[in-house]
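In: With the sequence up front, the predicted model follows.
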Amino acid sequence: EIDIPEAYIIPQGWWTIINLLQLNKVEMTRLKNDSTLTVNSYRIKNYDTRTQAYEGHYQHYNVEVDNYEAQISFQKGDYFIHTNQNALRYLIETLEPQAPDSFFNWNFFDTILQQKEGFSPYVWEDKALDLLEANPDLKKEFDLKKIDDEQFASSWYAQLDWLYKQSEHYEKAHLQYPVYRIF
């Protein structure tokens, strides 16, 4: 079940999505100024991908998201889309990543799935230790994860990767769904 937002905001760089919305007569306005807004945001937590192509796409399914509130800076020209319009159903079915026919499931947002930056284990190992020493709460969470997850506990690489993803060095755009919601 989806909570319907009052509006969606889509950064203008996602022009393929904007074009599809326009083709389907979705009413949109553009932000007149750069703005920082409190929005509801999704981060892709997990998903599966079909092994057989369908209509040229390897569709995603079983999408899980983390849902959180954030202050996001938007640029003049980004698209503001009220949901109080005839295209509401189309908006929900295409912009909500867990919907079966969402743009996410049809691979339009696959660039967010690619992690462009990473770590070198020989360099990151010492930094990871420093990170744990400087953050007692993170160390506690890390230690609990090792107790609760046997596979994680036995993999030094998985541990370094997890710590990297908790650090300031992890790229913010990775798995960040670029459609924002306003309630």
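Out: Perfect, thanks for sending it.
In: what about K140, which SS state?
Out: Following DSSP: H, G, I helix; E, B strand; the rest coil, we place K140 in the helix state.
In: per-domain residue ranges of the protein.
Out: Domain segmentation of the chain under automatic domain parsing yields 7-114+172-182, 121-166.
In: Let's see the distance spanning the longest one from one end to the other.
Out: Chord length of domain 7-114+172-182, first to last residue, is 5 Å (C-alpha to C-alpha, to the nearest Å).
In: what does the last one give?
Out: Domain 121-166 has an end-to-end distance of 15 Å (C-alpha to C-alpha).
In: Now do the strands in the protein.
Out: For the chain, the strands defined by DSSP state E occupy 7-10, 29-30, 35-49, 60-74, 79-82, 180-182.
In: Let's have those in CSV, adding distance to L91 and mean pLDDT.
Out: Every C-beta, even on glycine, is put in place using the N, C-alpha and C of the backbone. Listed next are these as CSV, based on distance: least, C-beta to C-beta, whole Å; pLDDT from 0 to 100:
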stretch, distance to L91, mean pLDDT
strand 7-10, 7, 99
strand 29-30, 14, 98
strand 35-49, 15, 97
strand 60-74, 17, 96
strand 79-82, 7, 98
strand 180-182, 11, 98
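In: can I get those in JSON lines with distance to S155 and mean neighbour count?
Out: Below are the strands of the chain laid out as JSON lines (distance: least, C-beta to C-beta, whole Å; neighbours: other C-beta atoms under 10 Å):
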{"stretch": "strand 7-10", "distance to S155": "37", "mean neighbour count": "20"}
{"stretch": "strand 29-30", "distance to S155": "47", "mean neighbour count": "11"}
{"stretch": "strand 35-49", "distance to S155": "18", "mean neighbour count": "15"}
{"stretch": "strand 60-74", "distance to S155": "22", "mean neighbour count": "13"}
{"stretch": "strand 79-82", "distance to S155": "42", "mean neighbour count": "20"}
{"stretch": "strand 180-182", "distance to S155": "34", "mean neighbour count": "21"}
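In: so which of those strands comes closest to D130?
Out: D130 lies closest, by C-beta to C-beta, to one member of the strands of the chain: strand 35-49, at 25.4 Å.
In: which secondary structure elements does the closest one contact?
Out: Secondary-structure packing of strand 35-49 (3 or more C-beta pairs under 8 Å, 6 or more residues apart in numbering; DSSP states H and E): strand 60-74, strand 180-182.
In: Generate JSON lines for the ones you listed, with distance to L31 as supplementary columns.
Out: Output for the helices and strands packed on strand 35-49, formatted as JSON lines (distance: least, C-beta to C-beta, whole Å):
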{"stretch": "strand 60-74", "distance to L31": "6"}
{"stretch": "strand 180-182", "distance to L31": "12"}
